[in-house]
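1. My questions are about this predicted structure, shown below with the sequence.
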Amino acid sequence: MKKLAVFAVAALVAAAAFAGEGLNAGSDLTIGGNTFDIAGLSTSADTPTELGIFSDLTVTSATVNWWTENGYSTGGADIAFRLWENDTQLGSFQSVWVGGGTYVGGDYGNDWTATGPEEGPKDLNATWQASLTPGSTYALDVKVKTYGEDVWYPSSDEEAYYHATFQYQSATPSAVPEPATMSLLGLGALAMVLRRKLRK
């Protein structure tokens, strides 16, 4: 009976260790001033996470936290992106490199963290060169590769991504003159026409 109890405890410890494998909460990504947790995004393309309104697609900060059973995982991480309009992919696969991994301990296994982007802020759309339409909704796919053990998250499946959507709004909307301004412009134009006629 004592052996059975020891085995059960060992099994629970092992289960706890492997339960945390993958990205940890706090894997935060800031794009265009909007911050969200990559680990909290949907893994289903049918029910993507809605991120709200974006005015640009510049990655200004990123933190990747992950658990691995390998103690040598110090190579950092890569965050990969795809942009979609309906069923059409806009531009090519893009990525942002997130610094070297730092060991931060953990109760079971090894917890690591990496921050960046190492090359500084990256405007994804400057590379995609997509003509985004204000008011339209776009889909953003995200996946993370951690180096050392070379594992992709959410899974090693090539088509496995975290899925999100956002609505695009231009950062500088085109100015529409107020009615009073239009009236003044109209009166000014009329005065100029009358002045020319009176000179003749």
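-> Structure's in. What do you need?
2. what about the strands in the chain?
-> In the chain, the segments counted as strands under DSSP state E are 22-23, 28-31, 34-37, 49-54, 58-68, 77-85, 88-89, 94-98, 102-105, 110-116, 122-123, 137-146, 151-153, 162-168.
3. Can you list the helices and strands that the third one packs against?
-> Read it as strand 34-37. strand 28-31, strand 49-54 (3 or more Cβ pairs under 8 Å, 6 or more residues apart in numbering; DSSP states H and E). Glycine gets a C-beta too; all of them are placed from N, C-alpha and C.
4. before we move on, back to that, I'd like the strands of the chain written out as a markdown table, with distance to residue 43, mean neighbour count and mean pLDDT added.
-> What follows is the strands of the chain, written out as a markdown table (distance: least, Cβ to Cβ, whole Å; neighbours: other Cβ atoms under 10 Å; pLDDT from 0 to 100):
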| stretch | distance to residue 43 | mean neighbour count | mean pLDDT |
| --- | --- | --- | --- |
| strand 22-23 | 11 | 20 | 86 |
| strand 28-31 | 16 | 21 | 97 |
| strand 34-37 | 13 | 16 | 97 |
| strand 49-54 | 10 | 15 | 97 |
| strand 58-68 | 16 | 21 | 92 |
| strand 77-85 | 14 | 20 | 96 |
| strand 88-89 | 19 | 11 | 96 |
| strand 94-98 | 19 | 19 | 94 |
| strand 102-105 | 25 | 11 | 74 |
| strand 110-116 | 21 | 21 | 86 |
| strand 122-123 | 24 | 18 | 96 |
| strand 137-146 | 10 | 21 | 96 |
| strand 151-153 | 10 | 19 | 91 |
| strand 162-168 | 6 | 20 | 98 |
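5. Redo the ones you listed as CSV? Include distance to residue 129.
-> Output for the strands of the chain, formatted as CSV (distance: least, Cβ to Cβ, whole Å):
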stretch, distance to residue 129
strand 22-23, 30
strand 28-31, 17
strand 34-37, 21
strand 49-54, 16
strand 58-68, 14
strand 77-85, 11
strand 88-89, 13
strand 94-98, 11
strand 102-105, 35
strand 110-116, 23
strand 122-123, 10
strand 137-146, 14
strand 151-153, 26
strand 162-168, 14
